[in-house]
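Peer 1: Here is my input; please provide its structure:
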Amino acid sequence: MLTKVEGIILKETPYSNTSKIISLYTREYGLISVLCKGAKRLNSPLRANTIKYTYGYFHIMYKEDKLSTLTDVDIINNLTNIKTDIVNVSYLGYMSELTMQVLKQTSDDIFDIFINAVLKLNENMDPLVITNILEIKYLPYLGIGLNLEGCCKCGNQNSIVTIDGDAGGYICSNCLRNEKIVDTKVLQMLRMYYYVDIKSISELKISKSVKNEINDFLNTYYDRYSGLYLYSKDFLKSLSKLG
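Peer 2: Have a look, this model is predicted:
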């Protein structure tokens, strides 16, 4: 069946001397494998449009649960601001790897969450904030959603004083032990990250200290509860230390 799908290439795999297989995340069918015949040839019209992180409309011979075949590509966005910036490329690499892991664990549609985050990254929005927003929005699909309505220990909705990744969320004054107290802005922004519509973001004014507190919390929370180990995340952690 010849059909047109909206998608973004997350991975390329060589296939013979002249062809390759792409892992294409599509709005219509989720993550599918597509054969790009002759795409490695220098004179192939598919060569430039089948590289990693190409976002467009893909014309394919679709075969359910089998290898589909690409016939043409119409570019939606070249994502130039990502592809020409090593930091943005690194963040997109992690976002893509995380997305593929999430797709293994859910049948729900997360295409809009991912592609809107990618587009904001391409608009040069703060890559750490956009990535953390994506991480928070993916938690329910991984089965480890945050309770943002009260203390993770007792459920108390009042007197929330801090967050702790090991404990699993907000902590109230009654349950506080040796956890680090964070600024109230961190608690507020964590809720904003979860509830904001990524597509609607037009400006980000968040202090470095608040961003780092939320990022540290999410790193700890993912390490403790997700069961995921992603090499691209390790690279981002080393990158943040350099910054």
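Peer 1: okay, CA-based contacts and neighbour counts for the rest of this
Peer 2: Will do.
Peer 1: which of the residues in stretch 207-222 are buried?
Peer 2: 210-211, 213-215, 217-222 (16 or more other Cα atoms under 10 Å).
Peer 1: What count of nearby residues applies to the residue nearest to residue 150 when sequence neighbours are not counted?
Peer 2: Ranked by Cα to Cα, 6 or more residues apart in numbering and with sequence neighbours excluded, the top spatial neighbour of residue 150 is residue 157, at 4.1 Å. As a burial measure, residue 157 scores 14 neighbours (other Cα atoms under 10 Å).
Peer 1: Let me know the helix or strand that residue 12 is in.
Peer 2: Assigned by DSSP states H and E, residue 12 belongs to strand 2-15.
Peer 1: That strand: partners in the sheet, and parallel or antiparallel?
Peer 2: Strand 2-15 has its sheet partners listed here by DSSP bridges as strand 19-26 (antiparallel), strand 55-61 (antiparallel).
Peer 1: any chance of those strands in JSON lines, with distance to residue 3 and mean neighbour count too?
Peer 2: Converted to JSON lines, the strands paired with strand 2-15 look like this (distance: least, Cα to Cα, whole Å; neighbours: other Cα atoms under 10 Å):
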{"stretch": "strand 19-26", "distance to residue 3": "12", "mean neighbour count": "22"}
{"stretch": "strand 55-61", "distance to residue 3": "6", "mean neighbour count": "21"}
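Peer 1: For the residue nearest to residue 150, which residues are in contact?
Peer 2: 149-151, 172 (Cα atoms under 8 Å, 6 or more residues apart in numbering).
Peer 1: For the helix or strand bottoming out on mean pLDDT in the chain, which outside residues touch it?
Peer 2: Least confident helix or strand of the chain, by mean pLDDT, DSSP states H and E, is helix 231-242 with a mean of 79. Under the criterion Cα under 8 Å, 6+ apart, residues 90-91, 93-94, 97 lie in contact with helix 231-242.
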